[in-house]
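Student: What would the 3D arrangement of this be:
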Amino acid sequence: RASPLIRLSEPANLRITLGRGYSAPTVFTEETEEVDLRNVHPLSDVSAERITIASADLSWNVSPYEANVSVFGANIDDAVEAIERAGRLELVNIPGQTRTRGVEMLLRYRAEPFVVMTSYSHIRARRADGSRVPLVPRHSASAVAMIEDHDRGRIGLELYYTGTLPLD
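Tutor: Next up is the predicted model:
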C-alpha cells in the first residue's frame with residue numbers, strides 16, 4: 001500500500017491511497033459464526049481473494065471544527081461467499097469481480113466539554129452479475145452529542161441510521 005499525505009494549506013490535507021493485497025480463505029466468517037462448525041463443509045478449491053483499493057481523503061481542521069470527505073473504491077477478484085448446500089454452509093469463490101464505490105463525510109465540533117459529530121456514508125457494492133452485495137447498506141448516517149470530563153467520564157446521545165440491507 002502507498003499512502004502519501006499532501007499538505008494543501010494550513011487547515012487542509014489530502015491523502016491518496018493505492019493498494020493491492022489478498023486474503024486467504026478461512027472457515028471463520030460472519031456467516032459460519034451463526035452455525036456450528038460441523039455444519040460447514042471443509043474448505044476445498046477455494047482460492048485467496050485479491051483486492052485492489054484506491055481512496056482520496058480530504059481533511060480540514062480549524063478549531064473547533066474538523067471535516068473529512070473520503071472517496072473510495074475497491075475491486076475484489078474471486079470474493080469468497082458462504083452458500084447453503086444440503087443444509088450445510090460451503091465457502092466458494094464468486095466468479096468475476098466484486099466492486100465497491102463510495103463516499104463518506106464526517107463533521108466534528110469540539111469545544112470542551114462538548115463534542116458533536118455527524119457522519120454520512122453512501123456505498124455502492126455490486127457483484128460481477130450486477131446484484132447488490134448482501135449486508136452492505138447504500139446509506140448510513142450517525143449523529144453523536146456528548147459532554148466529556150476526562151476525570152469523571154462522559155455522557156451523550158447517539159443516533160444511527162442504517163439503510164436497507166440486501167439479503168441473500
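Student: Pull the distance from the lowest-mean-pLDDT helix or strand in the chain to the chain's centre.
Tutor: Of the helices and strands making up the chain, the lowest-confidence element is helix 30-33, at a mean of 72, by mean pLDDT, DSSP states H and E. Taking CA atoms, centre = their mean, to the nearest Å, one finds helix 30-33 lying 18 Å from the centre of the chain it belongs to.
Student: moving C-terminal of that helix, what's the next helix or strand?
Tutor: strand 49-62 (DSSP states H and E).
Student: Run the chain-centre distance for that next one.
Tutor: On CA atoms, centre = their mean, the centre of strand 49-62 falls 11 Å from that of its chain.
Student: ok, now stretch 125-145?
Tutor: With CA atoms, centre = their mean, you get 9 Å for stretch 125-145.
Student: Just give me the neighbour total for Arg88.
Tutor: Using other CB atoms under 10 Å, Arg88 has 12 neighbouring residues. All C-beta atoms are positioned from the backbone trio N, CA, C, and that covers glycine.
Student: Nearest spatial neighbour of it, chain-adjacent residues omitted?
Tutor: Take Arg88 and drop its neighbours on the chain: the residue closest to it by CB to CB, 6 or more residues apart in numbering is Asn39, 5.1 Å away.
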